[in-house]
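From the sequence below, what's the structure:
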Amino acid sequence: FSDFNVATQVKLSVQLIQDERVGLQGVLPELLGERHGRKLNALFTTGAGTTEPTGFVTDATTGENAGASAITRANIIDLMHSVDIAYRNNPAAAFMMNDSTVAYIKKLSIGSGDDRPLWSPSMREGGPATLEGKPYFVNNDMAAIGTGNKSVAFGDWSKYIIRRVGGDVLVRLNERYMDELEVGFILYGRYDGKLINTAAIKVIEHA
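As a prediction, this is how the structure comes out:
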């Protein structure tokens, strides 16, 4: 593991900062934190790993090939069984995909005269909906179904490790942008991510 600086910056006008009605002191950390989280999620998904954390999609191997614009139940089952049973049966095993891919899969049925959907809502309050008996998570930083894309991941997520060095730091830049009558704010932290076992998580890749 290494660590990389991941930063998010905004500039605000002096007038906005002086306007007490905005309640900026309470709103700014929340907005910066949300923006910072979105950036981290993108990096932990598809980061290249050279000057930034390595995303799990970058490290994961292809477990199943699908058509350019479609996914079938057979693709989903073959993806699951491309992952070793030791990882497949781990409680941390789950699917991950874009929201548009979830919508596509919700429309699939079991097939062969059985029109029950593959997707199953939880029968227990607060429990996750499942796909082939496994939970799934929506991650819109994953690619949608399409030529050359890796649209669905499945495996043991405990094998993807995120390293965080210390805590995030919020810095106010009072003078740097003052010629524009603006104040800068930077939220940064040191992070890395790595799939420590590439056999534990695999993806569907489209032709």
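
Do I have it right that residue 189 meets residue 162?
No. Checked against CB atoms under 8 Å, the pair residue 189 and residue 162 is beyond contact range at 11.2 Å. Placement of C-beta: from N, CA and C, glycine included.

Please say which of those two ends up with more neighbours.
Neighbour count, other CB atoms under 10 Å: between residue 189 and residue 162, residue 189 has more, with 18 against 14.

gap between that one and residue 161?
Computed as CB to CB, to the nearest Å, the residue 189 to residue 161 distance reads 16 Å.

what's the answer for residue 56, then?
With CB to CB as the criterion, residue 56 and residue 161 are 10 Å apart.

shared neighbours, the two?
193, 195 (CB atoms under 8 Å, 6 or more residues apart in numbering).

neighbour-wise, which of the two wins?
residue 56 (27 against 12).

any idea of the pLDDT on that one?
Note for residue 56: predicted pLDDT of 98.

One more: residue 6?
Listed pLDDT for residue 6 reads 96.

Give me the distance from the helix or strand containing it to the chain's centre.
Here residue 6 sits within strand 4-13, counting by DSSP states H and E. On the basis of CA atoms, centre = their mean, to the nearest Å, strand 4-13 sits 20 Å off its chain's mean C-alpha point.

following it, which helix or strand comes up?
Immediately after strand 4-13, counting by DSSP H and E, sits helix 14-18.

so where is this structure shaky, pLDDT-wise?
Residue ranges of the chain with pLDDT under 70: 20, 22, 110-127.

mind listing the strands in it by residue range?
Taking DSSP state E as the criterion, the chain carries its strands at 4-13, 61-66, 93-97, 109-111, 114-117, 119-120, 130-131, 134-138, 150-156, 160-173, 182-195, 201-206.

right, so these: which one is the most enclosed?
For the strands of the chain, the largest average neighbour count (mean count of other CB atoms under 10 Å) is found in strand 150-156, namely a mean of 25.

Report the inter-axis angle for it versus strand 61-66.
Orientation note: strand 150-156 sits at an angle of 130 degrees relative to strand 61-66 (axes from the mean of the first three to the mean of the last three CA atoms, to 10 degrees).

What lies in contact with strand 150-156?
Against strand 150-156 from outside (CB under 8 Å, 6+ apart): 56-57, 60, 62-63, 66, 71, 76, 79-80, 83, 87-88, 90, 92-98, 101, 134, 142-145, 200-206.

Could you tell me the end-to-end distance of stretch 45-56?
Start to finish, the residues bounding stretch 45-56 are 5 Å apart (CA to CA, to the nearest Å).

Show me what counts as buried in the lengthiest helix in the chain.
Assignment by DSSP state H gives helix 24-46 as the longest helix of the chain. The neighbour-count check on helix 24-46 (16 or more other CB atoms under 10 Å) flags 24, 28, 32, 36, 39, 40, 42, 43, 44, 45, 46 as buried.

Sounds good, over and out.
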